[in-house]
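A.B. asks: Give me the fold of what follows.
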Amino acid sequence: MIKIISVVGARPNFMKIAPLHIALDKYKDKITHLVCHTGQHFDAKMSDVFFNELNLPKPHFHLGVGGGSHAEQTAAIMIKFEEVVLKEKPDMIIVPGDVNSTVACSLVAKKLNIKLAHIESGLRSFDRTMPEEINRLITDVISDYLFVSEESGLVNLRKEGIDESKIHFVGNIIIDSIVNNMHKIDKSDITERLNIEKRNYILVTFHRPANVDDKDKLIEIIEFLNKLSLHKKVVFPIHPRTRNNMIKWNIFDTLSSNIIINEPMGYVDFVNLTKNAFLVITDSGGIQEETTFLGVQCITVRENTERPVTVTVGTNQLIGTNLNNVYNAAMLIVNGNIKKGNIPELWDGQTAVRIADFLAKMEF
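C.D. replies: Here you go, the predicted model:
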C-alpha cells in the first residue's frame, strides 16, 4: 500500500487538494491518501468552511500552527510536520501552491529523503520581494515531481535546469474544483442576500500586505472604491487583517453606501459572486485563473503576475498598482471595451484525474 500525505494550510490549497482526494479514491486499494492541515489559516471562516464545501475529509493531522512572522510560522510547521512524517513514514508528500506551508513541508520531506511532488510548479512572478516567489523557487528545486498548470511553467522550469523527466504538464487543478462544484455554485443565493443584480456589480479583493497594511495606501484604495461605486455597486469581501486596519485607522466611516463590505465567505458563495460579476478587481493570484475560466473581466492590481496565461489567453489585464490607471482601465470596461478570452490548455476539470493516474502507475 502506497501512503501519500497531502499538505494544506491556506485557502488556495484547499481547492487544489480536494479534487485530488476525490480522484485518488479510485485507487484506494493501492493508495492511502492522508491530509495534513498545518493551521496556517487559523480563522474558521478562512479554512473550516472550505473543508465542508469541497468535501475534503476532516484532516487526518492538524498541526494548529496559526500566525506569526514568516520565520516563526515556517519553523513551527517544520517542527510539527516532521513529527507526523517520522511517525507515519509516507512514501510521498504532495504540496500545492506557494504558501509557507508549501515550502516548510517540502524541506521536511527532502531532509528525510521522502519523495516530493509539487502541484502548480514553475509559476514565476520574477519578483523576489514576494514571499510566495521564494517559496515557489525553493519548492521546485527540491521536488521530484513537478506538476505544471500552464505553458509558462514549462518554460521557466526548463530555463532553471530542472530535469525534463520530473516535469509533467497536467493542467490547472483549481479549475477541477470549479467544475466539480458548479452545481452548488449555481444554487448559491449570495447575490439575492446581498441585494445585487447579476452582471451589474464589481467584485473587489485586496489582501496583500503592501496594499492593506499601509495606512496611506489603504485610504487610497478606499477613495478609489468610492469613485468606482459611482458607476456600479462594489462588493468588497475583506480579509480579517484589512478589517482590523480599517477599524484602527477609522476608515469605515469614509465608505460609500454603494460599497458592500463582507466577511470572508465560503468557496461556493465566492465563486458564484465571481461568476456573476461584471468585473473583478484583485491583487490575488488564484482569482486571475478563476475569472479566466469563467469568462469574467479581471483587472489585476499588481506589477507582475506568476500566471501570465490569464493575460495572454484569458480575460485578465495586468494594470499595475497605480490606482488612477486601474480606474481608467475599469472605465474602459464599463464603457464596453470588453477583453475577449479563451480557456487555456488542459484547464478542463480533469487535472486531478491525470495526477491520480500518474501516481497510481508509480513504483516506490
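A.B. asks: Please parse the protein into its domains.
C.D. replies: Following automatic domain parsing, one finds the domains of the chain at 2-171+347-360, 182-334.
A.B. asks: Which one of the ones you listed lies nearest to G341?
C.D. replies: Among these, domain 182-334 comes nearest to G341, with 3.6 Å by Cβ to Cβ. In short, each C-beta sits where N, CA and C put it, glycine included.
A.B. asks: how long is that closest one end to end?
C.D. replies: End-to-end distance of domain 182-334 (Cα to Cα, to the nearest Å): 27 Å.
A.B. asks: and it, average pLDDT?
C.D. replies: Domain 182-334 shows a mean pLDDT of 95.
A.B. asks: With stretch 143-158 instead?
C.D. replies: For stretch 143-158, the per-residue pLDDT averages 98.
A.B. asks: Confirm G67 sits in a helix?
C.D. replies: No: counting by DSSP: H, G, I helix; E, B strand; the rest coil, one finds G67 to be coil, located in no helix.
A.B. asks: residues of the longest helix along the chain that come out buried?
C.D. replies: The longest helix of the chain (DSSP state H) is helix 70-88. In terms of neighbour count (16 or more other Cβ atoms under 10 Å), helix 70-88 has its buried residues at Q73, T74, A76, I77, M78, K80, F81, E82, V84, V85.
A.B. asks: possible to save those as TSV with distance to D357 and pLDDT?
C.D. replies: Formatted as TSV, the buried residues of helix 70-88 follow (distance: Cβ to Cβ, whole Å; pLDDT from 0 to 100):
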residue	distance to D357	pLDDT
Q73	34	96
T74	33	97
A76	35	97
I77	30	98
M78	31	98
K80	32	98
F81	27	98
E82	30	98
V84	27	98
V85	25	98
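A.B. asks: Pick out whichever of these sits closest to I93.
C.D. replies: Minimum distance to I93 across the buried residues of helix 70-88 is 7.3 Å, recorded for V85 (Cβ to Cβ).
A.B. asks: List the contacts of the closest one.
C.D. replies: I5, I93, V108, A109, L112, I114 (Cβ atoms under 8 Å, 6 or more residues apart in numbering).
A.B. asks: Taking those residues, please make a ChimeraX selection of just the buried ones.
C.D. replies: Applying 16+ other Cβ under 10 Å to the contacts of V85 leaves a buried subset, and the ChimeraX line that selects it is:
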select :5,93,108,109,114
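A.B. asks: Let's have the contacts of V85 in JSON lines, adding pLDDT.
C.D. replies: What follows is the contacts of V85, written out as JSON lines (pLDDT from 0 to 100):
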{"residue": "I5", "pLDDT": "98"}
{"residue": "I93", "pLDDT": "98"}
{"residue": "V108", "pLDDT": "98"}
{"residue": "A109", "pLDDT": "98"}
{"residue": "L112", "pLDDT": "98"}
{"residue": "I114", "pLDDT": "98"}
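A.B. asks: Could you identify the most distant pair in the contacts of V85?
C.D. replies: Spatially, the most separated pair among those is I5 and L112, at 11.7 Å (Cβ to Cβ).
A.B. asks: circling back to that earlier point, export the contacts of V85 as JSON lines, with columns for secondary structure and distance to D216.
C.D. replies: As requested, the contacts of V85 are exported to JSON lines (DSSP: H, G, I helix; E, B strand; the rest coil; distance: Cβ to Cβ, whole Å):
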{"residue": "I5", "secondary structure": "strand", "distance to D216": "44"}
{"residue": "I93", "secondary structure": "strand", "distance to D216": "42"}
{"residue": "V108", "secondary structure": "helix", "distance to D216": "40"}
{"residue": "A109", "secondary structure": "helix", "distance to D216": "42"}
{"residue": "L112", "secondary structure": "coil", "distance to D216": "46"}
{"residue": "I114", "secondary structure": "coil", "distance to D216": "46"}
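A.B. asks: separation between G171 and L218?
C.D. replies: Distance from G171 to L218, counting by Cβ to Cβ, to the nearest Å: 36 Å.
A.B. asks: And the pLDDT at the residue nearest to K80 when sequence neighbours are not counted?
C.D. replies: Spatial nearest neighbour of K80, excluding adjacent residues (Cβ to Cβ, 6 or more residues apart in numbering): L63 at 4.2 Å. Note on L63: pLDDT of 96.
A.B. asks: Would you confirm that L63 contacts F81?
C.D. replies: Yes: the pair L63 / F81 is scored as a contact, 6.3 Å apart, by Cβ atoms under 8 Å.
A.B. asks: Now do the shared contacts for those two.
C.D. replies: Common neighbours of L63 and F81 (Cβ under 8 Å, 6+ apart) are C36, T38.
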